[in-house]
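Undergrad: here is my input, please return the structure:
(one chain, ligands or ions: 1)
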Amino acid sequence: MTSAFSLKRPVFFIGFMGAGKTSVARRIARVCSLVSIDMDTYLERREGKTIADIFAEAGEEGFRALESEVLRDLATRAPQMVSCGGGVVLRPENRALLKAQGCVVYLRVSAETAARRISDISTRPLFRSLEAARATNEARVPLYEGAADIIVDTEKKAVNAIAGEVIAALQKEGVLCQSPR
Ligand code: S3P
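TA: Take a look at the predicted model:
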């Protein structure tokens, strides 16, 4: 017998650049026949510009305003897997929305591993150097931890393994439910 999965609330993936938020959300969506959406990709399509161009034209503040708009939009849709940009936790209004609307999964990663995973850092305007990334990540850890309902360490783990851990945790939380069909 096959089974169908459903989401009771949106699932938001947070964590530093290179944590694997997009890959893991996509993998879970594929395994469980659910929908996943990447906030940055959605924002780029909506604006018709790359993230790098938005940063260059409107600065980080301009980007953060658009990011909050997109989060508000995605948070009020039918529950889906949402991979968020790494800086989504910076604004208190975003943190409040994540907590109120969804289940928040923090994928933990070190700056060193993130640097290895990101193939082209020119697409990440805030990943300027390893040293800067380390400081940014460390400063954000309390925000990531404070917003999280579920924390999964991603060091030395493949996407499949991380996805498996997240699926188990979401089922335990009662957010991901399986029913026979
Ligand atoms: C950012 C992370 C990026 C993107 C933007 C800013 C950040 O998303 O939103 O470059 O502040 O950490 P990813 O975490 O998907 O790389």
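
Undergrad: quick one: is the longest helix anywhere in the chain near the ligand?
TA: Looking across the chain with DSSP state H, the single longest helix is helix 51-75. Yes. For helix 51-75, a contact with the ligand is found by C-beta under 6 Å from any ligand atom, at Ile51. Bear in mind the C-beta positions are built from the backbone N, C-alpha and C, glycine included.

Undergrad: so for that helix, what gets flagged as buried?
TA: Buried positions in helix 51-75, judged by neighbour count with 16 or more other C-beta atoms under 10 Å: 51, 54-55, 63-64, 66-68, 70-71, 74-75.

Undergrad: between these, which is nearest Ile28?
TA: Using C-beta to C-beta, Leu74 is the member of these that sits closest to Ile28, with 16.3 Å.

Undergrad: circling back: direction included, what does whichever helix or strand comes after the longest helix of the chain pair up with?
TA: Next helix or strand after helix 51-75 toward the C-terminus (DSSP states H and E): strand 81-83. If you go by DSSP bridges, strand 81-83 pairs up with strand 11-14 (parallel), strand 36-38 (parallel).

Undergrad: so is strand 81-83 next to the ligand?
TA: No. Judged by C-beta under 6 Å from any ligand atom, strand 81-83 makes no contact with the ligand; its nearest approach is 6.6 Å.

Undergrad: hang on, the earlier thing: other SSEs contacting the longest helix of the chain?
TA: Where contact means 3 or more C-beta pairs under 8 Å, 6 or more residues apart in numbering; DSSP states H and E, helix 51-75 is packed against helix 39-47, helix 92-101.

Undergrad: and the chain, which residues reach the ligand?
TA: 17, 21, 40, 51, 85-87, 124-126.

Undergrad: give me phi/psi at Thr76?
TA: Backbone geometry at Thr76, expressed as degrees, to the nearest 10, gives phi -100, psi 10.

Undergrad: isn't it right up against Gln101?
TA: Yes. With contact defined as C-beta atoms under 8 Å, Thr76 counts as touching Gln101 (7.2 Å).

Undergrad: who's more crowded, the two?
TA: Set Thr76 next to Gln101 and count neighbours by other C-beta atoms under 10 Å: Gln101 wins out with 19 against 10.
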